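Trainee: everything below, folded, please.
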Amino acid sequence: MPKAPLPSATFPLDPAAVAALLDRYAIPRASEALATTADEAAALAAQLTFPVALKGVSSNVGHRSDVGAVRLDLRDRAGVRAAALELARSVDCAGGFIVQEMVAGGEEVFVGARRDRIFGPLVAVGVGGLWVEILEDVQLRLAPVSRAVAIEMLASLRAAPVLMGHRGRTAVDIESLGDVIKRVSECILAETSVATIDLNPVITGPTNVVVADAKVTTFALADEPGTHDDQLASDISELLNPTAVAVVGASRDRSKLGGRLIAHLTDYGYHGRIYPVGTHDEKIRGLDSNKAICDLPEVPDVACLIVPATSVGRALEECGRGGVKYAIIYSSGFAEAGEQGQQLERELLASARAYDIRVCGPNTAGIASSTSSFHASISTLFSGERPPKGGLAFISQSGAIASSLLSRTWAEGVGFSHWICTGNELDLTLADYLSFVADDSNTEVIVLYVEAVRDGEKFLKAARRAVENGKPILAYKAGASKAGRRAVESHTAALAGDYEVFATAALEVGIILVQDLEELVDLAVAFSWQPTPTGRRVGVITASGGAASIAADDCARARLELSLLPTDVVDSIEKVIPSFGSAENPIDVTAAINTRPEMVGEVAALVLRCEDVDSILVALTTNADPPAEAVAKGLVGEATNSHKPVIISRLGAEFLAPRALALYRAAQIPVYPTPQRAVGVLARMADYAGRVRSADGGQTREL
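Mentor: Alright, predicted model coming up:
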């Protein structure tokens, strides 16, 4: 069972408590005093150094500047008193007034922290003052944040040149600002009741860093983010490779879900025993029917429950009494259907825990494992030809998306190891399945479709293990849009929504977060088929000056470097290509490939052997058979013997070169319809390889 989640209600700390908290962590702040009346504000101002600022205090006010609750550059007692009286008339100042010394001019930075209910404490740094939410120039990291990482965050801001001394301006005290960020990280880690910390603005100069305004909110309780109990292990090998399975709600009618499920189990060579249960048919697809789980000749490892939602509870209890270890619940009508369904789901979880049954679903399209030929899915995806085996694992929180993605990679010729639809995640979550495939010897690449992570700690631990085991994780996270987000008082909460926090966590552990599903499929194919590059240096081979220019522009935008080829390599290429071609990178072998198609393979061989090249992009245009087939034969021969990735872009329609495309697919060389997509794939592969190398060397990951 998950621990209690963080409370949703937060409460602002009063100014004195905020000041005490900052002092406890040696976070420098401006001198200030709290007054309850205008006269007291004027008297306290005299004890400070003029000019001063005056701020109204109220628990009902989010950002003081938004409601005009701030007066600046007050130079005498009379001015302070008048400003306080005017503030009291125009805004809510029930908490009194903060009188604060004006901080000397400098750059304004925002430093914040938030205790995320899934991934725990995180730290935010960005452009400060009024611009924080307008520009959204923010960097996030999971806590703890060292001073070195804090400085890296500052350097990654778009506004970094301003802080570093742009166009003759004096650089701010980056080291001291890094210390402030580090101390905020320490505070949010240690103070478990703190929900958010907003320091805005932090005034930074050449020799000083001072917090000019601070807002801190706390929870009513100091609960930690929810995690699953450690005793609930993630070894779900029997779920994906059972020796016997029962189908409760089976049917001989394939138009019904119970009939489709039985067909998928029997059609693809599953070697285990299948027991239809709870059906009026005597036999289904040659299998003897059974009235109940208790009537079976053995205890199945997995029970597939495909009955109405109101009958699932009774079926699950029967499975529990019979000793079944795993249940897949396909039925809908649970948490996704409102309060009544949520109550049914809570009752299911209680039964599952009472009988120690691990549950996939409910509301799932099921699972499939090509390694065990176990296709326990109701998706129509599995109603055609047998899907190919391979090393690509899919884990999705949407059955429809999972089916579509597998069909796309399947169409490209990429096989899968496991296909898992998590459903409502009553029990087993995305993190549990990720933990399994992270160690699965049949899985080489992992694809995730994520709507929400329920167990951040377990998810990050599993992701780190997968990357350490050399398995790239490609993830699409739904919910990047800010549409529908309610207004929040905390800058950190506003700037660090679910998507931003997930993206930060993904960066921390080396997950490749993609922006669209097309890119997800493109990368899944490339990582499944090709080695990762050792760097960002690309050799481009084209048969068109236009294609060469486009590829060069795309590489520059993707921060890929066109390799400067050594003189001897250039000389060798010149001997292969026509005199009117170009032997410099990008290499143009010209349209002469239609009469001399072997040139492409010969040039590729020279470039692949070059130590200054990490990967090759072959940018083709029309390229029709039969010359295209000859080009493919030459490229395939060279690419097969190389440890460097070879990617092809081909603008021409597929019907022009079916034989060439068949050769590329058989040799597992990805072909993309535009140079942009091919370059994008190489760039993301290089990003991943760079982060892995940095992690192995104990250095900061590249951004």
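Trainee: any idea how far residue 519 is from residue 249?
Mentor: With the distance defined as CB to CB, to the nearest Å, residue 519 ends up 39 Å from residue 249. All C-beta spots, glycine's among them, are computed from the backbone N, C-alpha and C.
Trainee: which of those two has more residues huddled nearby?
Mentor: The residue with more neighbours, out of residue 519 and residue 249 and counting by other CB atoms under 10 Å, is residue 249; that gives 24 against 17.
Trainee: dihedrals phi and psi, that one?
Mentor: As for residue 249, its main-chain torsions (degrees, to the nearest 10) stand at phi 100, psi 20.
Trainee: just checking, it touches residue 278?
Mentor: Yes. Residue 249 is in contact with residue 278 according to CB atoms under 8 Å; the separation is 5.9 Å.
Trainee: and for the two, which residues touch both?
Mentor: With contacts defined as CB atoms under 8 Å, 6 or more residues apart in numbering, the residues adjacent to both residue 249 and residue 278 are 307, 315.
Trainee: need the pLDDT of residue 485.
Mentor: The predicted structure scores residue 485 at 41 on the pLDDT scale.
Trainee: can you check the one 3 residues further on too?
Mentor: According to the per-residue confidence, residue 488 scores 36 in pLDDT.
Trainee: report the longest helix in this protein, please.
Mentor: In the chain, assigned by DSSP state H, the helix with the most residues is helix 675-696.
Trainee: which other helices and strands contact that helix?
Mentor: Helices and strands touching helix 675-696, as assessed by 3 or more CB pairs under 8 Å, 6 or more residues apart in numbering; DSSP states H and E, comprise strand 512-514, helix 517-529, helix 545-557, strand 615-620, strand 646-650.
Trainee: what comes up buried for it?
Mentor: Neighbour-count burial for helix 675-696 flags 675-692, 695 (criterion: 16 or more other CB atoms under 10 Å).
Trainee: grab the nearest non-local neighbour of residue 399.
Mentor: Nearest residue to residue 399 in three dimensions, chain neighbours excluded: residue 365, at 3.0 Å (CB to CB, 6 or more residues apart in numbering).
Trainee: isn't residue 189 up against residue 143?
Mentor: Yes. Proximity of residue 189 to residue 143 meets the contact threshold set by CB under 8 Å, at 5.1 Å.
Trainee: list residues touching both of those two?
Mentor: With contacts defined as CB under 8 Å, 6+ apart, the residues shared by residue 189 and residue 143 are residue 121.
Trainee: these two - which one has more neighbours?
Mentor: Set side by side, residue 189 and residue 143 show more neighbours around residue 143, with 22 against 17, by other CB under 10 Å.
Trainee: pretty sure residue 659 contacts residue 630?
Mentor: No. Residue 659 lies out of contact with residue 630 (CB under 8 Å); the separation is 9.7 Å.
Trainee: can you give me the domain assignment for this protein?
Mentor: 31-101, 105-219, 237-527, 531-696 (automatic domain parsing).
Trainee: tabulate the ones you listed (a markdown table), appending distance to residue 15.
Mentor: Putting the domains of the chain into a markdown table (distance: least, CB to CB, whole Å) gives the following:
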| stretch | distance to residue 15 |
| --- | --- |
| domain 31-101 | 5 |
| domain 105-219 | 8 |
| domain 237-527 | 16 |
| domain 531-696 | 43 |
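Trainee: out of the ones you listed, which gets nearest to residue 21?
Mentor: Evaluated with CB to CB, the domains of the chain place domain 105-219 nearest to residue 21, the distance being 6.1 Å.
Trainee: any idea of the mean pLDDT in the closest one?
Mentor: Within the predicted structure, the mean pLDDT of domain 105-219 is 89.
Trainee: and for stretch 413-433?
Mentor: Per-residue scores along stretch 413-433 average to 95.
Trainee: what helix or strand does the residue lying closest to residue 498 once chain neighbours are set aside sit in?
Mentor: Here the nearest residue to residue 498 in space, its sequence neighbours aside, is residue 479; by CB to CB, 6+ apart that works out to 5.8 Å. Taking DSSP states H and E as the definition, one finds residue 479 inside no helix or strand.
Trainee: cool, and residue 376?
Mentor: Following DSSP H and E, one finds residue 376 within strand 374-377.
Trainee: just checking: what are the partner strands of that strand?
Mentor: Its sheet considered, strand 374-377 pairs with strand 366-369 (antiparallel) by DSSP bridges.
Trainee: can I get the partner strand in PDB, CA atoms only?
Mentor: Below are the C-alpha coordinates for strand 366-369, written out as PDB (Å, rounded to 0.1, in the frame of the first residue of the first chain):
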ATOM      1  CA  GLY A 366      -3.400  -6.600 -21.100                       C
ATOM      2  CA  ILE A 367       0.200  -7.800 -21.600                       C
ATOM      3  CA  ALA A 368       2.200  -9.700 -24.200                       C
ATOM      4  CA  SER A 369       5.600 -11.300 -24.000                       C
END
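Trainee: list the buried ones in it?
Mentor: Of the residues in strand 366-369, those buried by neighbour count under the rule 16+ other CB under 10 Å are 366-369.
Trainee: could you identify the most distant pair in the residues you listed?
Mentor: Greatest spacing in the buried residues of strand 366-369, by CB to CB: 366 and 369 (10.8 Å).
Trainee: next, the buried residues of stretch 516-536.
Mentor: With the criterion 16+ other CB under 10 Å, stretch 516-536 contains buried residues 519-530, 532-536.
Trainee: sorry, wrong one. I was asking about stretch 288-304.
Mentor: Applying a neighbour-count criterion of 16+ other CB under 10 Å, the buried positions in stretch 288-304 are 289-290, 293, 296, 300-304.
Trainee: can you check stretch 580-593 too?
Mentor: Residues of stretch 580-593 classed as buried: 581-583, 585-590, 593 (neighbour count, 16+ other CB under 10 Å).
Trainee: now the residue located most distally from the centre of the chain. Nearest residue, chain neighbours left out?
Mentor: Here the chain has its C-alpha centre computed as a mean, and the residue farthest from that point, by CA atoms, centre = their mean, is residue 78 with 55.5 Å. Nearest-residue entry for residue 78: residue 42, 7.3 Å, with adjacent residues in sequence omitted and distances by CB to CB, 6+ apart.
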